[in-house]
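> sequence first, then the predicted structure, then my questions.
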Amino acid sequence: MDRIHNAPTAGHPGRDETIRQARLEGHQWQGMNRWIANYIQGCATCQANKILTHRKKIPTYKITVPQSAKPFQQISMDLITGLPKSNTYDAILTIVDHGCTRAALFLPCHTTITGPGIVQLYLEHVYRWFGLPTKVISDRDPRFTSHFGQGITKAIGIAQNLSTTAHPQTDGSSERANQWVEQFLRLITTWNPQEWAHWLPVATAVYNNRRNSTTKLAPNQALLGYHPAIRPEQNPENPNQSAQKQIELLWKYQDEAKKALNAAAEDEKLQPQYAVDQQVWLETTNLRIPQKSKLSPR
């Protein structure tokens, strides 16, 4: 369990993801699923630090994507603030490929970051690989996206042709990515929260190698066509596939991802969140705890 659940390169995944990772590494024994489920249910680190998943929800406006969308053409962005200082950083810029693969980037920054600062991060980490987006989604102040559009087109010297969607009430892709990375950092840096910036590259790798609940694919599958190795392999494989077959597989993954995103946008049903006599964990949001931060136990 250390490799596939407890290690930083595992990030304390849930039951289904832990079972999937165990199978990918070739593990299989009678009663394995039940054993793993019981192990995770008894993981004290998970119980103390993971985000509550049974909150009451209100209906959200689901944003569909064009079937012809390419990776990082339709993106969502958000900032995570209120973090403890880590190597001078105190915030994270989250950029999610909303329209195709649901891949995400988690970039350290400062709470005081400006439009030009966001543009510079985008140019360094996204533009060089995927070019300009056609749509930017953010639930922050409209200036967040308008300044981004103006700044990025000015930086590369072209006329602006970028649509922005602020406060879409809201697809939630960046919010879910924010929750996931906060939870990951909380689990990994429990005893030293000031080290969170050091773990962001690992967080990005782990997130993009996990299956997305909407697309049913890991973002890396839709983006690259395979799972990159993010930890030493016990039984490394030596696939012998032609380049054309790999490309066809990549197209298939991207097509499946976009169909799943649109299906979820058009047919989302909210389930009851609580039942009478159900036992629940006490949330710390409104409790007065000394030196509380976003990386404190939930």
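Perfect, thanks for sending it.

> need the pLDDT of residue 177.
Model confidence at residue 177, given as pLDDT, is 89.

> what sits against the closest residue to it other than its chain neighbours?
Setting aside the residues directly before and after it, residue 177 is nearest to residue 104 in space (C-beta to C-beta, 6 or more residues apart in numbering), at 4.5 Å. Quick note: C-beta positions are derived from backbone N, CA and C, even for glycine. Shown in contact with residue 104 (C-beta atoms under 8 Å, 6 or more residues apart in numbering): 94, 95, 96, 97, 177, 181, 204, 207, 208, 219.

> now the second one: how far from residue 283?
Spelled out, it's residue 95. Using C-beta to C-beta, to the nearest Å, we find residue 95 at a distance of 28 Å from residue 283.

> number of residues surrounding residue 229?
The tally of other residues near residue 229 (other C-beta atoms under 10 Å) stands at 11.

> can you pull up the bridge partners for the residue nearest to residue 177?
In this structure, residue 104 bridges to residue 96 when assessed by DSSP bridges.

> use 863 as the first number from now on
Sure, I'll start numbering at 863, so the last one becomes residue 966.

> on that earlier part again, ok, of the contacts of residue 966, which one's closest to residue 936?
Among the contacts of residue 966, residue 959 lies closest to residue 936 (C-beta to C-beta), at 7.7 Å.

> hmm, back to that, out of the contacts of residue 966, which sit inside helices?
1039, 1043, 1066, 1069, 1070, 1081 (DSSP state H).

> pretty sure the third one contacts residue 968?
Read it as residue 1066. Yes - contact status for residue 1066 versus residue 968: in contact at 5.2 Å, counting by C-beta atoms under 8 Å.

> those two: who's more crowded?
Between residue 1066 and residue 968, counted using other C-beta under 10 Å, the more crowded position is residue 968 (26 against 19).

> which SSE is the more buried one in?
In this structure, residue 968 sits in strand 966-971 according to DSSP states H and E.

> in the stretch 1013-1160 of the chain, where is pLDDT below threshold?
1015, 1020-1033, 1094-1106, 1108-1109, 1111-1112, 1115, 1127-1136, 1147-1148, 1152-1154, 1160 (pLDDT under 70).

> spell out the residue ranges of the helices in it.
With helices called from DSSP state H, counting those that start in this stretch, the stretch 1013-1160 of the chain shows them at 1035-1050, 1062-1070, 1081-1086, 1105-1128.

> good, wrapping up.
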